[in-house]
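Chemist: Dropping a prediction and its sequence here:
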Amino acid sequence: QKEVEQNSGPLSVPEGAIASLNCTYSDRVSQSFFWYRQYSGKSPELIMSIYSNGDKEDGRFTAQLNKASQYVSLLIRDSQPSDSATYLCAVITGNQFYFGTGTSLTVIP
Amino acid sequence: GAVVSQHPSWVICKSGTSVKIECRSLDFQATTMFWYRQFPKQSLMLMATSNEGSKATYEQGVEKDKFLINHASLTLSTLTVTSAHPEDSSFYICSAIPRPGDQPQHFGDGTRLSIL
């Protein structure tokens, strides 16, 4: 079983809709969780971090963490075509940093 | 803050040559740097973790004699692809953290390597 799993997609949503991206992880002791956005041909950029259960909001982005169920999600409200990218979930367990395979998101104008 | 510079951003060279990629932390000292490789439409694959002043730790399946990593200072790590072949063509990305276990990783802009 992989440490971090994401649906590869592609996920398509119309402009203005909510995009929901999900990630599950295997190790219960994982303590830190991140969402990165990666445009084609570019390196990942950090968009959200979350460390405790519940929701964390930053502009149009909301990260949700549920440690009991071992999942972390990212909601993008009012999706824009510029949000079209691959979204990588990353989890830290101890000193190890694990990336998911990424979910490709396309926002259709 | 936390800027990581990677150079070159794009390189094309002939098969059999060696290519060096630099990764610099510009505004912080990076005890630990990571090197990733990413093929088209695939996720990041960690190649190795380098700690300043010590030998890099390579992931399973990564040839240490082919991908030479040097982390001689707290702001610079280099990856040298030796005797590169077309199958080594890929997007190479470095990241850095001030200390082991720090979070999150700060990524360079990546190097696109094309071997003819």
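Modeler: Done, it's in.

Chemist: Only C-alpha atoms from now on, for both contacts and neighbour counts.
Modeler: Noted.

Chemist: neighbouring strands for the helix or strand harbouring B:Leu113, and are they parallel or not?
Modeler: Applying DSSP states H and E as the criterion places B:Leu113 in strand B:111-115. The pairing partners recorded for strand B:111-115 under DSSP bridges are strand B:10-13 (parallel), strand B:90-97 (antiparallel).

Chemist: The longest strand anywhere in chain A packs against which elements?
Modeler: Determined from DSSP state E, the single longest strand within chain A is strand A:85-93. The contact analysis (3 or more CA pairs under 8 Å, 6 or more residues apart in numbering or on different chains; DSSP states H and E) places strand A:85-93 against strand A:4-6, strand A:19-25, strand A:32-38, strand A:96-99, strand A:103-108.

Chemist: do that again at 7 Å, thanks
Modeler: In this structure, strand A:85-93 packs against strand A:32-38, strand A:96-99, strand A:103-108, with contacts taken as 3 or more CA pairs under 7 Å, 6 or more residues apart in numbering or on different chains; DSSP states H and E.

Chemist: which other residues reach it?
Modeler: Contacts of strand A:85-93 with the rest of the structure, by CA atoms under 7 Å, 6 or more residues apart in numbering or on different chains, involve A:23, A:29-40, A:97-106.

Chemist: ok, which of those residues also contact chain B?
Modeler: Here is what survives when the contacts of strand A:85-93 are matched to chain B using CA under 7 Å from any CA of the partner chain: A:Thr101, A:Gly102.

Chemist: Now which of the contacts of strand A:85-93 would you call buried?
Modeler: Among the contacts of strand A:85-93, those classed as buried by neighbour count (16 or more other CA atoms under 10 Å in any protein chain shown) are A:23, A:30, A:32-38, A:97-106.
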